[in-house]
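Q: Need coordinates for the following:
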Amino acid sequence: MISYRNLLFVPVALCLTACTANIKERISSDRACARVGLRPIADKQTDRFLGKVQEDTANCRGGEKAVARRDSVWLDWPNYWGAGDASTKAQGSGAITELGKHLKPNGRGVDGALIDLEYQRMELIRFNLNDNATYENYIKGDGVTPGPVLKTWDAMRLPASHPQYQQVTSSNGKQVCQGDLIRYRNLTGICNDLYNPAMGSTNQLFARNVRFESTFPDLGKNELARNRHANRLDLLKPDPQIISRKLFTRSQEKPDACNFGQGLPDNAKNAQCDYKKAPFFNVLAAYWIQFMTHDWFSHLREGHNADAKMSVGCTSQRVDNQEQPVTAEQAKQLGCRTDDKADVSYVAQHEPAPTFKHDGKSYMSRAHKTTENTVTAWWDASQIYGFDETSAKRVKRDPKDSAKLLMRPRGSHAGTGEKLGYLPVFNTCETSKTGCVPDPIHPHWSGQETAAFADNWTVGMSFYHNLFVREHNQFVDAFRVQAAATPMADSGLRNPAKPDQVIPYKKVSDEELFQAARLVVSAEIAKIHTIEWTTQLLYGEPMNLGMNANWNGLLDKDNPVSKKLAEVLNKIVTEHLKNAPNEKESNQLYSAFAAGAGIFGLGSHRYEHHKDVWDLRNLDDVNGGINHFGSPFNFPEEFITVYRLHPLLPDLLEFRDLKAPNLITKKVPVVSTFRGKATQAMADGGLSNWALSMGRQRLGALTLQNQAQFLQNLDLPRMQSATNKIDVAALDLIRDRERGVPRFNEFRRQYGLTQLTGFDDFIDKRLEPGSAERKEQERLIGMLREVYGQHQCDASKIITDAQLNADGSPINDCLGHPDGSMVDNIEDVDTVVGWLSEFTHPHGFAISETQFDVFILNASRRLFSDRFFTSSFRPEFYSTLGHQWVMNNGPGSKQMEPGLYNDHKVEVSPLKRIMLRTMPELSGQLGDVRNIFDPWARDRGEYYSLQWKPKAGAESDESFH
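A: Below is the predicted model of the structure:
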């Protein structure tokens, strides 16, 4: 996820800084730099980096402030110079030359942050790739190749029952994808990797990032888990609804004006549902991540879990540190419901897990239970285009031009974008008498707009599906214009079965164009998420540089010298490091050097004597840019955990009209835009007005007591329970427990983060004692202690082998407190509760450092493992127009924003250009917006400011009052 840009500078920078310090001996941080060295990558899990640096390193990169904050359990790099807003910059530290910038305090601070993060990623690659289907291969290797550098796995073969088995299987039994199977993104995700056809495809097992022994702690399958939790855990203990009501519920100044998230009749604007807001992130960002997760992972089968029903709590709570039943009166006061029911999750494999031995040590071959990902794991826009035969039947092609997706006029709004239309509504055949073929949907999806992934539908999903279907059709139209102008010109596309045959524009079939458009839209979505959504989610200079380098590389490829260097780095990575026989080079150095040329497009050129000799006939060229680091790609269960982001949603959407953008005309309850109601909400509002409304409104902060009330009281009639309601916040906890996610403290240890020793560690020590914010945190920590409780510790009980104390001794039940003392049950805290309790965020982080650590590993793997984002990002697959479209954020050349943004010259962002193409009427609102996910009317101030004040012209906007 983070670039290793500093690998190119560090040796020189350290030398020059040392010389400067020794000669001039100006300040302590300069002298400290002379003593800083590079640490080795850990050989064992207990020797991991943990994100904590030595005193000299902290001094070099952040001065006295960074040194003073080293005693915190939290990461050190957020305290470095330049890692926050303008107040974190060292004064008078400008430099004329590029190298000089890296020797000055601000450059040292930002570079140091990126170095720390790359260390974390390399160690995560080394210790946290635990695939449920191939782990024994990872440990043992194949007798010749060590496990961490294996490239193929028998478990990733297509079974004999698969429809494409014969196409990929040769007479000697070897499986290789060729021909049409490698040309496009296949419906079920097969053949992204030519030599591992099943990898990332529909219905593959979710992986794990944590060691299998740490999963399902409530089962108490090993002594460490029993010592850690002492029988205090089960599926409903601590009670999930009690946790939800005490730790998640938003307090309301005017409860009647909120009405449990239902708002007031007729969407009255005097409705009021209070929530804690993030100043630098908008509601478009909240719905964006729901749009993304629909593409990445799902445990459901066509919107359903298993048929069995279970209780969801409201049965017991701690009172005076003793577990007691919840009385009817207490349940009423808390607002929880004892009669709620939920469906049980599907399980692919049940315990006991097989074991194996290697070098005298016993290993579990998988987690105690496993689950399947029922959508493709690739970033392939499967929520739009489909992921299996059933979902594909919900995708509507335009009968007048089958390269397009079907759109129809709806509503009466003005604007050029409205002519591009909206998705049709699902056909249920209720009003048809003859010849009707109903869409394969569940009754509760009736009235929704057509989409491959139709579950959990809201007006936000309607927005993004309509937006990107318009974009798909815009690309098709542009291609057709080019074809009309130059019918015999080379389109760039090639058929792998006839690789030497030029395909002119006029010969491109509707299906070929449709599939090229899908590739373009998928890549645009990945690009938006990487360099636009994530850089606003993690709003600061280290992440801005890291994420952009992840995509584009370090080097200015418009500069001839830099372009040559990028070619060299590309060759080093794809030809030497990828095929290196040892783990250090093949995995760790590969991860680091890949950022030189950028992950996106890695391996899409192969140079000999500065000439590109990449060849579609050479399958190793087609597949040559990917690296799975010894473990086949799929999402781990822990990745799903950190995307439980429901507090982002407000209860009420503040609707605006482009005619008077500063005026909130009504407040629409989110719950009134669910499922089929989203269709009417979109028609009533219009796509551009909804863009304005969600673009201006701040989303909710990810913190305690900030859960949307409508989600705690969601109507779910299909459960056929006594209440027909569900508390989604409580259900989130249950799902993690069902799927065996370790509790928060062990979760952190497994990811190489410092453990907490009690609930007070959550409090942000940067706050002044007695300040209002600190008092509020202390109040919330008191609630945490009330819910999870304390116990008398036993120092003889070792609770983990993932980490050691600072003195090298094993970590025991007392966590550094005296034997027999009362300690917080920090080990029992659910992971979601834990990261919502992290008040010590890095500057500009909408998420916690625990969540971020999961992203460091998994977000970059989505690019590293995907052929269509690496070696197959070429005109042969995308078309020449499509390749340029992705590179330049649309047709034509790159477009640059005027002036500087956070000290950088920036392109017009990909999502901004898409919105201007599909909703030109937004041009007046988007003129000075640099990142679509930053509230549109916010004055962004200087250098990553988080201020909440209106920009010029928005002073009358009541959201600033």
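Q: C-alpha from now on. contacts and neighbour counts both.
A: OK.
Q: Buried residues in stretch 164-177, which are they?
A: 165, 168-169, 175-177 (16 or more other Cα atoms under 10 Å).
Q: export those residues to TSV and tack on distance to Gly492?
A: Shown next, in TSV, are those (distance: Cα to Cα, whole Å):
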residue	distance to Gly492
Tyr165	30
Val168	26
Thr169	29
Gln175	28
Val176	25
Cys177	22
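Q: out of the residues you listed, which one sits closest to Ile190?
A: Cys177 (8.9 Å; Cα to Cα).
Q: Touching, that closest one and Asn186? I think so.
A: No - look at Cys177 against Asn186 with Cα atoms under 8 Å: they stay out of range, at 11.4 Å.
Q: would you list every one of the helices in the stretch 451-600 of the chain?
A: With DSSP state H, counting those that start in this stretch, the ranges of helices along the stretch 451-600 of the chain come out as 459-485, 510-528, 534-537, 541-552, 560-571, 583, 590-597.
Q: Kindly report which one of the ones you listed carries the lowest mean pLDDT.
A: Lowest mean pLDDT within the helices of the stretch 451-600 of the chain: helix 560-571, a mean of 62.
Q: which is the next helix or strand following that one?
A: Using DSSP states H and E, the helix or strand that follows helix 560-571 in sequence is helix 583.
Q: Identify all contacting residues around that following helix.
A: For helix 583, the external contacting residues (Cα atoms under 8 Å, 6 or more residues apart in numbering) are 146, 148-149.
Q: how about those in JSON lines, adding secondary structure, pLDDT and neighbour count?
A: Below are those laid out as JSON lines (DSSP: H, G, I helix; E, B strand; the rest coil; pLDDT from 0 to 100; neighbours: other Cα atoms under 10 Å):
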{"residue": "Pro146", "secondary structure": "coil", "pLDDT": "93", "neighbour count": "17"}
{"residue": "Pro148", "secondary structure": "helix", "pLDDT": "94", "neighbour count": "24"}
{"residue": "Val149", "secondary structure": "helix", "pLDDT": "93", "neighbour count": "24"}
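Q: Export the helices of the stretch 451-600 of the chain as CSV, with columns for mean neighbour count.
A: As requested, those are exported to CSV (neighbours: other Cα atoms under 10 Å):
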stretch, mean neighbour count
helix 459-485, 21
helix 510-528, 22
helix 534-537, 22
helix 541-552, 24
helix 560-571, 17
helix 583, 20
helix 590-597, 27
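Q: now the ones you listed as CSV including distance to Gln383?
A: Output for the helices of the stretch 451-600 of the chain, formatted as CSV (distance: least, Cα to Cα, whole Å):
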stretch, distance to Gln383
helix 459-485, 9
helix 510-528, 10
helix 534-537, 20
helix 541-552, 23
helix 560-571, 32
helix 583, 36
helix 590-597, 29
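Q: Which of these sits closest to Arg108?
A: The nearest among the helices of the stretch 451-600 of the chain, by Cα to Cα, is helix 541-552 at 11.2 Å.
Q: Show me what that closest one is packed up against.
A: Applying 3 or more Cα pairs under 8 Å, 6 or more residues apart in numbering; DSSP states H and E, one finds that helix 541-552 contacts helix 105-127, helix 534-537, helix 590-597.
Q: need these in TSV with distance to Cys814, can you?
A: Below are those laid out as TSV (distance: least, Cα to Cα, whole Å):
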stretch	distance to Cys814
helix 105-127	26
helix 534-537	36
helix 590-597	38
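Q: could you pull out the helices for the stretch 701-850 of the chain?
A: So, for the stretch 701-850 of the chain - with DSSP H, counting those that start in this stretch - the helices run 709-712, 728-738, 744-750, 772-788, 831-836, 849-864.
Q: any residues touching the fifth one, and which ones?
A: Okay, so that is helix 831-836. So helix 831-836 is contacted by 641-642, 644, 702-704, 733, 741-745, 747, 848-851 (Cα under 8 Å, 6+ apart).
Q: Pull the contacting residues for the residue nearest to Leu753 when sequence neighbours are not counted.
A: Excluding the flanking residues, the one nearest Leu753 by Cα to Cα, 6 or more residues apart in numbering is Leu50, at 4.7 Å. Each residue near Leu50 by Cα under 8 Å, 6+ apart is listed here: 75, 120, 752-754.
Q: Asn227: which of those residues is nearest?
A: Thr754 (19.5 Å).
Q: Just to check, Trp936 is in contact with Arg698?
A: No - with contacts counted by Cα under 8 Å, Trp936 stays clear of Arg698, the gap being 9.6 Å.
Q: overlap in contacts of these two?
A: With Cα under 8 Å, 6+ apart, Trp936 and Arg698 have no common neighbours.
Q: now for the helices and strands packed on helix 541-552, which one comes closest to Val481?
A: That would be helix 590-597 among these, by Cα to Cα, at 33.0 Å.
Q: heading toward the C-terminus, what's the first helix or strand past that closest one?
A: Next along from helix 590-597, by DSSP H and E: strand 607-608.
Q: What lies in contact with whichever helix or strand comes after that following strand?
A: Proceeding N to C from strand 607-608, the next assigned helix or strand is strand 611-612, under DSSP H and E. Strand 611-612 has contacts (Cα under 8 Å, 6+ apart) with 605-606.
Q: ok now strand 611-612, how far from the chain's centre?
A: Relative to its chain's centre, strand 611-612 lies at 35 Å (Cα atoms, centre = their mean, to the nearest Å).
Q: Report the strands that pair with it, each with its relative direction.
A: As defined by DSSP bridges, the strand partners of strand 611-612 come to strand 607-608 (antiparallel).
Q: now the partner strand, how far from the centre of its chain.
A: Centre-to-centre, strand 607-608 and its host chain are 35 Å apart (Cα atoms, centre = their mean).
Q: Specify the local secondary structure of Arg337.
A: coil (DSSP: H, G, I helix; E, B strand; the rest coil).
Q: Can you show me the helices along the stretch 51-200 of the chain?
A: Using DSSP H, counting those that start in this stretch, helices in the stretch 51-200 of the chain cover 55-68, 98-103, 105-127, 135-140, 165-168.
Q: can I get these in CSV with distance to Asn259?
A: Output for those, formatted as CSV (distance: least, Cα to Cα, whole Å):
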stretch, distance to Asn259
helix 55-68, 46
helix 98-103, 55
helix 105-127, 44
helix 135-140, 50
helix 165-168, 56
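Q: which of the ones you listed is buried the deepest?
A: Compared across the helices of the stretch 51-200 of the chain, helix 105-127 shows the largest average neighbour count, a mean of 24 (mean count of other Cα atoms under 10 Å).
Q: Spit out the contact partners of the nearest residue to Phe260 once chain neighbours are set aside.
A: Using Cα to Cα, 6+ apart and skipping the chain neighbours, the partner closest in space to Phe260 is Gln709 (5.2 Å). Shown in contact with Gln709 (Cα under 8 Å, 6+ apart): 249-250, 260-261, 651.
Q: okay if I get those residues as JSON lines plus distance to Leu467?
A: Shown next, in JSON lines, are those (distance: Cα to Cα, whole Å):
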{"residue": "Thr249", "distance to Leu467": "33"}
{"residue": "Arg250", "distance to Leu467": "32"}
{"residue": "Phe260", "distance to Leu467": "31"}
{"residue": "Gly261", "distance to Leu467": "27"}
{"residue": "Asp651", "distance to Leu467": "23"}
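Q: of those residues, buried ones?
A: 249-250, 260-261, 651.
Q: re the thing from before, between the helices of the stretch 701-850 of the chain, which one is closest to His294.
A: Ranking those by proximity to His294 (Cα to Cα) places helix 849-864 first, at 15.1 Å.
Q: Kindly export the closest one (C-alpha atoms) in CSV.
A: What follows is helix 849-864 as a C-alpha-only set of coordinates in CSV (Å, rounded to 0.1, in the frame of the first residue of the first chain):
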residue,chain,number,x,y,z
GLU,A,849,-4.1,2.7,13.0
THR,A,850,-5.3,-0.9,13.6
GLN,A,851,-7.6,-0.8,10.6
PHE,A,852,-4.9,0.9,8.6
ASP,A,853,-2.4,-1.9,9.3
VAL,A,854,-4.8,-4.4,7.7
PHE,A,855,-5.0,-2.1,4.6
ILE,A,856,-1.2,-1.8,4.3
LEU,A,857,-1.1,-5.5,3.4
ASN,A,858,-4.3,-6.2,1.6
ALA,A,859,-4.9,-3.0,-0.4
SER,A,860,-1.6,-3.3,-2.2
ARG,A,861,-2.1,-7.0,-2.9
ARG,A,862,-5.3,-6.2,-4.9
LEU,A,863,-3.0,-4.5,-7.3
PHE,A,864,0.1,-6.8,-7.1
